[in-house]
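Q: Give me a model of this one.
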Amino acid sequence: MKPCNGCGQCCKDEACSLSVKYLHSEVAPCIALEHQDGRYWCGLVRDPAKYLGLKEWAQEWAVIELSPHFAYALRLGAGCDAYYGPE
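A: Numbering: from 1, shown residues only. Have a look, this model is predicted:
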């Protein structure tokens, strides 16, 4: 399995289970897909309070408590598991 290159193709193609459960969105591209510095990132991991509609005072808590759980659920850091044909 190759490391994620930040292309965002997986999030452009389909909504993940977190997007469906927490953002109530089954459409692609994912509404939490963020682009910065030439790569794509999961907004639910980077800024969960923003996408979950939490109050400003909960932003730090959300990053500390929710971001690691979302990253684990998405297997971030485990490598790209997308398959788009022969390489």
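Q: Pretty sure Pro29 is one of the things Cys42 touches, is it not?
A: No. Cys42 is not in contact with Pro29 according to CB atoms under 8 Å; the separation is 11.8 Å. Placement of C-beta: from N, CA and C, glycine included.
Q: Identify the contacts common to those two.
A: Here Cys42 and Pro29 have Cys11 as joint contacts, going by CB atoms under 8 Å, 6 or more residues apart in numbering.
Q: out of the two, which sits in the busier spot?
A: More crowded of Cys42 and Pro29, by other CB atoms under 10 Å: Cys42, with 24 against 16.
Q: Local confidence estimate at the more buried one?
A: In this model, Cys42 is scored at 95, pLDDT.
Q: who touches it in this structure?
A: By CB under 8 Å, 6+ apart, Cys42 lies in contact with 11, 30, 32-34, 70-71, 74, 76.
Q: give me the number of residues near the residue lying closest to Ala73 once chain neighbours are set aside?
A: In space, and not counting its chain neighbours, Ala73 is closest to Leu18: 6.0 Å by CB to CB, 6 or more residues apart in numbering. The number of residues packed near Leu18 is 19, by other CB under 10 Å.
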